[in-house]
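A.B. asks: no FASTA, just this:
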Ligand code: SF4
Ligand code: SF4
């Protein structure tokens, strides 16, 4: 690795850059590797979310610069941007900028889950990540486009203090915006013109497919890994599905699953050739002990994309939850998993059985909320930010400020302990530290 690359890794560490697409892995550790292919992941696939699409449309130069820096650091010979064909404006920008460079555009269809690393790497390179492995195992590094943009900012000495975010669903003005990290969900909803429906609402943090319910609007802050929020009436189908108890899921699953295997036939990991069959995992619901473990092994390669539960199953059962439960059981019992073969090849129907985003939106009951959430430049400054000490993979950062301290934007407020996996955290507004526990509050 060159001196320039070492310097960049140090700058990325100091800036607190982590995977912005949801994973939160510290970027200085991810890029400390040698691979032949860098893939910038712009294949945002959660329905209704626009943060990556808008970021690529508006900041293509920074994305290109980040790709150049990251590609040089890991020694990549290929540098690919994975982006959906429907993003015409952004693609036009990149075609203009990429001309005569080593960077390539890989256009993808509008389907879910196009942004899953296993799917993206296979589609862009034809390579399949080995069982339980990472892109690194086959010479690839995948980084979300916002992470790539943050790499370019880090090279200028600018730390991660802001986040692109989409706020959509039952709000007056769905939008994508850039806000200080730690901004509260209640503030985001206010910026978006408030809730647009009568009655109580619930917010899905992270998207319709993989997001989780927020139970309080004042408690949840934007973090370095947030992608978007969907506000929905509390009685919406997606909220009712998430509110089912574990025993309801188990009882209904036991009695109503007719083993049609649609859940397996649509599973993106099964279609890539991995040893996963959620319909067999459903059989584990009726068993305890060894039989439970036997069926549970068909869950190990589940990425929890939720396609089986929210799209494929005609009975509205929850094979994804059955997979989550089985994986947890196997872990608790320390039962190791060996795939039946290390050979992998995609299913012959893989390219024909992709689930289009428009079909998914209809199935999820989101058609009425399917409005473009364009980027809105705004000057909103929250009065309070709540900044979690753990927004990343690894150990929580250690506060380096005390209650009462005055801080300014970009100042380090918590540091990753030496030799640990983690990331530094910076103040996102000017103000005074008023509380420190698992979050630092600045007002
Ligand atoms: S799709 Fe539903 S009913 Fe069919 S096997 Fe899967 S869980 Fe059972
Ligand atoms: S959640 Fe369902 S569809 Fe997705 S990987 Fe797991 S089993 Fe397959």
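C.D. replies: On my side now, so go ahead. These numbers were taken from a predicted model, which means no experiment stands behind them. Ligands and ions are numbered 1, 2, ... in the order given.
A.B. asks: which residues does residue 339 contact?
C.D. replies: The contact partners of residue 339, by CB atoms under 8 Å, 6 or more residues apart in numbering, come to 131, 274, 275, 301. Bear in mind the C-beta positions are built from the backbone N, C-alpha and C, glycine included.
A.B. asks: which one of those sits closest to ligand 2?
C.D. replies: residue 301 (7.3 Å; CB to the nearest ligand atom).
A.B. asks: you'd agree the closest one is in a helix?
C.D. replies: No: inclusion of residue 301 in a helix is not indicated when DSSP: H, G, I helix; E, B strand; the rest coil is applied; the result is coil.
A.B. asks: which residues touch it?
C.D. replies: By CB under 8 Å, 6+ apart, the contact set of residue 301 is 131, 132, 269, 274, 275, 276, 339.
A.B. asks: and the fourth one, how far from ligand 1?
C.D. replies: This means residue 274. Shown here: residue 274 relative to ligand 1, a distance of 17 Å by CB to the nearest ligand atom, to the nearest Å.
A.B. asks: ok, for that residue, nearest residue in space, not its chain neighbours?
C.D. replies: Ranked by CB to CB, 6 or more residues apart in numbering and with sequence neighbours excluded, the top spatial neighbour of residue 274 is residue 301, at 4.3 Å.
A.B. asks: list the buried residues for stretch 101-110?
C.D. replies: Neighbour counts using 16 or more other CB atoms under 10 Å place 103, 105, 106, 108, 110 of stretch 101-110 among the buried residues.
A.B. asks: span of that stretch from start to end?
C.D. replies: 26 Å (CA to CA, to the nearest Å).
A.B. asks: point to the helix or strand of this protein where mean pLDDT is at its lowest.
C.D. replies: One helix or strand of the chain scores below all others by mean pLDDT, DSSP states H and E: helix 289-296, with a mean of 75.
A.B. asks: can you list the buried residues in that helix?
C.D. replies: By neighbour count, with 16+ other CB under 10 Å as the criterion, the buried positions of helix 289-296 are 292, 293, 295, 296.
A.B. asks: run through the stretch 151-300 of the chain and note the low-pLDDT ranges.
C.D. replies: When residues are selected by pLDDT under 70, those of the stretch 151-300 of the chain lie in 288-290.
A.B. asks: which residues of it lie near ligand 2?
C.D. replies: 267, 269, 276, 278 (CB under 6 Å from any ligand atom).
A.B. asks: which residues does the host helix or strand of the second one contact?
C.D. replies: Same thing as residue 269. Secondary-structure element containing residue 269, defined by DSSP states H and E: helix 268-271. When contacts are taken as CB under 8 Å, 6+ apart, the neighbours of helix 268-271 outside the stretch itself are 113, 116, 118-119, 264, 276-278, 301-303, 305, 307, 346-347, 349-350, 353.
A.B. asks: now check that helix, is it near ligand 1?
C.D. replies: No: in this structure, helix 268-271 remains apart from ligand 1 according to CB under 6 Å from any ligand atom; the gap is never smaller than 11.6 Å.
A.B. asks: after that helix, next one along is what?
C.D. replies: Tracing the chain past helix 268-271, the next element assigned as helix or strand by DSSP H and E is helix 278-283.
A.B. asks: name the helices or strands packed onto that following helix?
C.D. replies: Contacts of helix 278-283 with other secondary structure elements, assessed using 3 or more CB pairs under 8 Å, 6 or more residues apart in numbering; DSSP states H and E, are made with helix 262-266, helix 289-296, helix 319-332.
A.B. asks: can you give the contact residues for that helix?
C.D. replies: Applying CB under 8 Å, 6+ apart, the contact partners of helix 278-283 are 253, 257, 259-264, 267, 270, 295-296, 298-299, 302, 308, 317, 319-320, 322-323, 326.
A.B. asks: now a PyMOL select for only the buried ones of these.
C.D. replies: To isolate the buried subset of those in PyMOL, counting by 16+ other CB under 10 Å, use the following:
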select buried, resi 253+257+261+262+263+264+267+270+295+296+298+299+302+308+317+319+320+322+323+326
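A.B. asks: got the contact list for residue 170?
C.D. replies: With contact set as CB under 8 Å, 6+ apart, residue 170 has these partners: 195, 196, 197, 201, 231, 232, 233, 369.
A.B. asks: so who does the residue nearest to the first one when sequence neighbours are not counted touch?
C.D. replies: When the adjacent residues along the chain are set aside, residue 195 lies closest to residue 201, with 5.4 Å between them (CB to CB, 6+ apart). Contacts for residue 201 were tallied using CB under 8 Å, 6+ apart; they are 170, 195, 231, 232, 233, 234.
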